[in-house]
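Chemist: what follows is a predicted structure for the sequence shown.
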Amino acid sequence: MTCWVVCGEDPITETARPKLTLNQIKTHDLIGEMGIPLGQCVRVRATIVKGSRTKSDTGRYFLDVTHVESIPLEKPVQMTFRVHQFAEERVQVANDGFSLVELRTGEKPSRVSSDKIEEYEVGYVGKKVELLVYETGMFDGFPRGLKDSSWQGGGYQFFNWLMVMKQFNP
């Protein structure tokens, strides 16, 4: 699902898109990629996979969600994820190589080689997990209409991810 909110139109680059008011976003459920409203906790089954869609995915792990509340999805949904700061200690998932090394060793690495990360990926990438998650997100990026083009980064858009709260099968 794509949600567009325009905060300042640039007549040169702005195309005709549907507009939503902030009040509409506040008073309606935003439906996420799994077909569930953002902010609603659900139990999912997923497989941990290595990022490979874009260059920025390198070194990151994603969840290929196959089931929501025991109901199989027509097609798996690949989602970025984070572990909530108040998640149960049993949560044993990592979204990048450094977090994986910390998960496996119990120590936060200052540096780690890609070969070492690949060693730790054995048995992790491809692992099936059952998690309590909710989809959330935020708007971020280079603001439209800003004349200073020295900023680098992506355009202003909505980013979404799964927030992991609990793991049922560590």
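Modeler: Everything's here; your move.

Chemist: tell me which other helices or strands the biggest strand by length in the chain touches.
Modeler: Longest strand in the chain by number of residues, with DSSP state E as the criterion: strand 128-140. Counting contacts by 3 or more Cβ pairs under 8 Å, 6 or more residues apart in numbering; DSSP states H and E, strand 128-140 packs against strand 42-50, strand 157-167. C-beta coordinates here come from the backbone N, C-alpha and C atoms, glycine included.

Chemist: list the buried ones in it?
Modeler: When neighbours are counted by 16 or more other Cβ atoms under 10 Å, the buried residues of strand 128-140 are found to be 129, 131-137.

Chemist: now these in JSON lines, with distance to Thr66?
Modeler: Listed next are these as JSON lines, based on distance: Cβ to Cβ, whole Å:
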{"residue": "Val129", "distance to Thr66": "11"}
{"residue": "Leu131", "distance to Thr66": "12"}
{"residue": "Leu132", "distance to Thr66": "16"}
{"residue": "Val133", "distance to Thr66": "13"}
{"residue": "Tyr134", "distance to Thr66": "18"}
{"residue": "Glu135", "distance to Thr66": "15"}
{"residue": "Thr136", "distance to Thr66": "20"}
{"residue": "Gly137", "distance to Thr66": "21"}
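
Chemist: out of these, which is nearest to Lys19?
Modeler: Each of these was scored against Lys19 by Cβ to Cβ, and Gly137 proved nearest at 18.6 Å.

Chemist: as a markdown table, the buried residues of strand 128-140 with pLDDT and distance to Asn95 would be great.
Modeler: Supplementary listing: these in a markdown table, determined by pLDDT from 0 to 100; distance: Cβ to Cβ, whole Å:
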| residue | pLDDT | distance to Asn95 |
| --- | --- | --- |
| Val129 | 97 | 12 |
| Leu131 | 97 | 12 |
| Leu132 | 97 | 16 |
| Val133 | 98 | 12 |
| Tyr134 | 97 | 16 |
| Glu135 | 97 | 15 |
| Thr136 | 96 | 14 |
| Gly137 | 92 | 15 |
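
Chemist: what segments of this structure are helices?
Modeler: 22-27, 97-105, 114-121 (DSSP state H).

Chemist: nearest to Tyr120, out of the helices and strands packed on strand 128-140?
Modeler: When those are compared by Cβ to Cβ, strand 42-50 sits nearest Tyr120, at 12.2 Å.

Chemist: got the angle for the closest one vs helix 114-121?
Modeler: Using axes from the mean of the first three to the mean of the last three Cα atoms, to 10 degrees, one finds that strand 42-50 and helix 114-121 are set 140 degrees apart in direction.
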